[in-house]
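Peer 1: whatever this is, show me its structure:
(chains A and B)
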Amino acid sequence: NAGVTQTPKFQVLKTGQSMTLQCAQDMNHNSMYWYRQDPGMGLRLIYYSASEGTTDKGEVPNGYNVSRLNKREFSLRLESAAPSQTSVYFCASSEDLTGVYGYTFGSGTRLTVV
Amino acid sequence: AQSVTQLDSQVPVFEEAPVELRCNYSSSVSVYLFWYVQYPNQGLQLLLKYLSGSTLVKGINGFEAEFNKSQTSFHLRKPSVHISDTAEYFCAVKGLGGTSYGKLTFGQGTILTVHP
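Peer 2: Numbers count the residues shown, from 1 in each chain, chains lettered A, B, ... in the order given. This is a model prediction of the structure:
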């Protein structure tokens, strides 16, 4: 089925370790996003990419880096994981930044940093 | 910048009863408004959206929402809920143009629990 695919679904890291969360969409969308979800705080935007070759900071970018590898793929990297980064991470995509058609979300990556 | 406040963190209701999930927003520019639903261990799915035109919008699964510009609200309603509606619901706002471009701001979420 067409949509947004995230890997891995679950991950446990030790403080200071690094990892990359992968995201790919097959809907030919131009814009992609990374959000984190924490209890009682809704979803907060980490980074977004308006189109291939561009990335911009969102609301909570500190401690993260992103790469828009091509039109389909948008990865999120934690260089030195901290317990405060324990969260559920969602990748999303949309046709463009207008948001007229809504966003399509992946099923999430549940990350625990110990 | 935009902000969204969902006025109830949890709403318990009995099956076949009506329900309203409340959402207020703040923005200095015109907005698009959305409701998303998240079932356990899944991503978010779009329920409905308001872009312009009629202030009453209908979505999937029998849900509807009304945009009230004067009260800056976008409350979600369903006349008769089912057990399968148990989920977390998120209101979201997107400002049009300027520094809001590209940013969808979410509320804190409302957990709807439907009891038999």
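
Peer 1: for residue B:111, give me its contacts.
Peer 2: By CB atoms under 8 Å, 6 or more residues apart in numbering or on different chains, the contact list for residue B:111 reads B:9-11, B:87-89. (C-beta placed from N, C-alpha, C; glycine too.)

Peer 1: against residue A:51, how distant is the residue nearest to residue B:60 when sequence neighbours are not counted?
Peer 2: Distance criterion CB to CB, 6 or more residues apart in numbering or on different chains; nearest residue to residue B:60, sequence neighbours excluded, is residue B:47 at 6.0 Å. Here the criterion is CB to CB, to the nearest Å. By it, residue B:47 lies 27 Å from residue A:51.

Peer 1: of those two, who's got more company?
Peer 2: Shown here are residue B:47 and residue A:51; by other CB atoms under 10 Å in any protein chain shown, residue B:47 has more neighbours (24 against 14).

Peer 1: picking that back up, and the buried ones among the contacts of residue B:111, selectable in ChimeraX?
Peer 2: In ChimeraX, a selection of the buried entries from those looks like this (16 or more other CB atoms under 10 Å in any protein chain shown):
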select /B:11,87,88,89
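
Peer 1: near chain B, which residues of chain A?
Peer 2: For chain A, the residues found near chain B under the criterion CB under 8 Å from any CB of the partner chain are A:4, A:31, A:33, A:35, A:40-45, A:48, A:50, A:56, A:58-59, A:90, A:92, A:97, A:99-100, A:102-103, A:105-108.

Peer 1: just the buried ones among those residues, please.
Peer 2: For those, a burial check counting by 16+ other CB under 10 Å picks out A:4, A:31, A:33, A:35, A:42-45, A:48, A:50, A:58, A:90, A:92, A:97, A:99, A:102-103, A:105-108.

Peer 1: just checking, residue B:25 touches residue B:7?
Peer 2: No - here residue B:25 does not reach residue B:7: they are 11.5 Å apart, not a contact under CB atoms under 8 Å.

Peer 1: between the two, who's got more neighbours?
Peer 2: Neighbour count, other CB under 10 Å: between residue B:25 and residue B:7, residue B:25 has more, with 21 against 16.

Peer 1: the helix or strand where that one lies and chain A, are they touching?
Peer 2: Using DSSP states H and E, residue B:25 falls within strand B:23-26. No - applying CB under 8 Å from any CB, one finds strand B:23-26 out of contact with chain A, separated by at least 11.3 Å.
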